[in-house]
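1. structure for this input, please:
(chains A and B)
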Amino acid sequence: MSDDPGDDGPSFEERLKAARSRQGLDAPPRSPGMDPGGLGQSPWGIGLRVGIELVSALVVAVAIGYGLSLLFGARPIFLAVFVLLGGAAGVLNVWRSFAPKDHQD
Amino acid sequence: MAAQGSSIDALSQFQLHTALGPLGAAVNFSQSNLFMIVAGVLTLGLLWIGMRPRAMVPGRLQSAAEMAYEFVYSMCVDTIGPEGRGFFPFVFTLFFFILFGNLLGVWPYDFTFTSHIVVTLALTLAVFVMSTVVGLRIHGLHWFSYFVPQGVPKPLLPLLVPIEVLSYVSRIISLSVRLFANMMAGHVMLEVFGAFVIMLGTAGVIFWIPAGLSLAVNIALIGFEILVATLQAYVFAILTCIYLHDAVHLH
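-> As a prediction, this is how the structure comes out:
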């Protein structure tokens, strides 16, 4: 009786699952790993996160660019290049944080 | 001390003093160090005293210790994968050090050592160096392919690799500043509204209503601070796990 080859559609487990999800009793499946559990969803939290991600890349880039410019002479070419790269890296950071979750990581 | 005279002194709460009397003064032992030790002792105490009964049906403290253990353990394994078990002691230590530091700071007269960027930067550097070394040890030189995005035309690589490297290095800043800024901002707000209560309360009967409102805001802020303290400790730990995941799995 235990392995009854029922030919009347889906099993009890499947029907129960469908009914539970219809009623919204199951928690939506969490995307594993990369999503820090829906943190900081308040507008202030999101704003702070975006700001920190953007600025931190720029800070690192400016520090590196400034150091290289000091090392290699008077013209701040490295600083100019690294500011642009840092801005791009900041946008990359924000994209990493807020990319659509079905995006393969 | 917040509202001396007519100005609000919101930042003096972050100044370091020597603690433990002349002994601490002799070795520059500050109240920040003192509360780091308190946080460590509390963590150890929770585990040691909590787990002493070793009951099959745990009491309250044992439940707390077991839940703490399992929470961090599942966080490690879920985020990093099976390899996460090896990093569990590190993440557990980090999480509870920051959690107790943040929560102690909400307590009156206590000092929040996580509101100093030196402390958070040191913690972040430990995480950063560790995840880099782990990546290099597991993958060898192949680890550097982490900086080469997949499916990108070759001519673009000289542009994209520096951007990826900058994005990687900027984790140091973003991780440390996030914790530091959250803790410092919260405590400045508490101090400012606390000063409002004193200044308005002593300014005359007309100002008692705004003083009461400030007090209400301060009460709400304390609750909010407890939330932020827990959340930021969790964020720090889960981001550590994500960085270690990147180091172990590359992409």
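2. separation between B:Leu44 and B:Leu123?
-> 18 Å (C-beta to C-beta, to the nearest Å). Using the backbone N, CA and C atoms, a C-beta is placed for each residue, glycine as well.
3. please say which of the two ends up with more neighbours.
-> Neighbour count, other C-beta atoms under 10 Å in any protein chain shown: between B:Leu44 and B:Leu123, B:Leu123 has more, with 20 against 11.
4. is the more buried one in contact with B:Phe95, as I believe?
-> No. Counting by C-beta atoms under 8 Å, B:Leu123 stays clear of B:Phe95, with 10.9 Å between them.
5. what helix or strand is residue 45 located in?
-> By default, I'm working from chain A. helix A:43-71 (DSSP states H and E).
6. the intended chain is chain B.
-> helix B:31-51.
7. packing partners of that helix?
-> helix B:60-80, helix B:84-106 (3 or more C-beta pairs under 8 Å, 6 or more residues apart in numbering or on different chains; DSSP states H and E).
8. who wins for proximity to chain A among those?
-> Nearest to chain A among these is helix B:60-80; the distance by C-beta to the nearest C-beta comes to 5.4 Å.
9. what lies in contact with that closest one?
-> For helix B:60-80, contacts defined as C-beta atoms under 8 Å, 6 or more residues apart in numbering or on different chains pick out A:32-33, B:46-47, B:49-51, B:53-55, B:58, B:84-85, B:87-88, B:91-92, B:95-96, B:237-238, B:241-242, B:244-245, B:248.
10. so how far is chain A from the residue lying closest to B:Ala65 once chain neighbours are set aside?
-> Ranked by C-beta to C-beta, 6 or more residues apart in numbering or on different chains and with sequence neighbours excluded, the top spatial neighbour of B:Ala65 is B:Gly50, at 3.3 Å. Distance, B:Gly50 to chain A, by C-beta to the nearest C-beta, to the nearest Å: 25 Å.
11. residues in contact with B:Ser32?
-> B:16, B:111, B:113, B:116, B:119.
12. in stretch B:222-233, what's buried?
-> For stretch B:222-233, burial by neighbour count (16 or more other C-beta atoms under 10 Å in any protein chain shown) applies to B:225, B:228-229, B:231-233.
13. follow-up on the earlier one: what about the residue nearest to B:Ala65, neighbour count?
-> By the criterion of other C-beta under 10 Å, B:Gly50 has 20 neighbours.
14. do the same with B:Trp143
-> Neighbours of B:Trp143 (other C-beta under 10 Å): 17.
15. follow-up on the earlier one: packing partners for the helix holding A:Gly45?
-> Packed next to helix A:43-71, using 3+ C-beta pairs under 8 Å, 6+ apart, are helix A:77-98, helix B:157-201.
16. ok, and which of the ones you listed has the densest surroundings?
-> helix B:157-201 (a mean of 20; mean count of other C-beta atoms under 10 Å in any protein chain shown).
17. gap between that helix and the chain center?
-> Computed by C-alpha atoms, centre = their mean, to the nearest Å, the chain-centroid distance of helix B:157-201 equals 11 Å.
18. ok so, going back, overlap of the contact sets of B:Leu123 and B:Phe95?
-> With C-beta under 8 Å, 6+ apart, B:Leu123 and B:Phe95 have common neighbours B:Phe236.
19. report the separation between B:Leu20 and B:Ala122.
-> Note on B:Leu20: its distance to B:Ala122, by C-beta to C-beta, is 22 Å.
20. what about those two, which has more around it?
-> B:Leu20 (14 against 11).
21. burial check on the spatially closest residue to that one that is not a sequence neighbour, number of neighbours?
-> Of all residues not flanking B:Leu20 in the chain, B:Phe29 sits nearest, at 5.8 Å (C-beta to C-beta, 6+ apart). By the criterion of other C-beta under 10 Å, B:Phe29 has 16 neighbours.
22. how close does B:Phe29 get to chain A?
-> For B:Phe29, the distance to chain A (C-beta to the nearest C-beta) stands at 32 Å.
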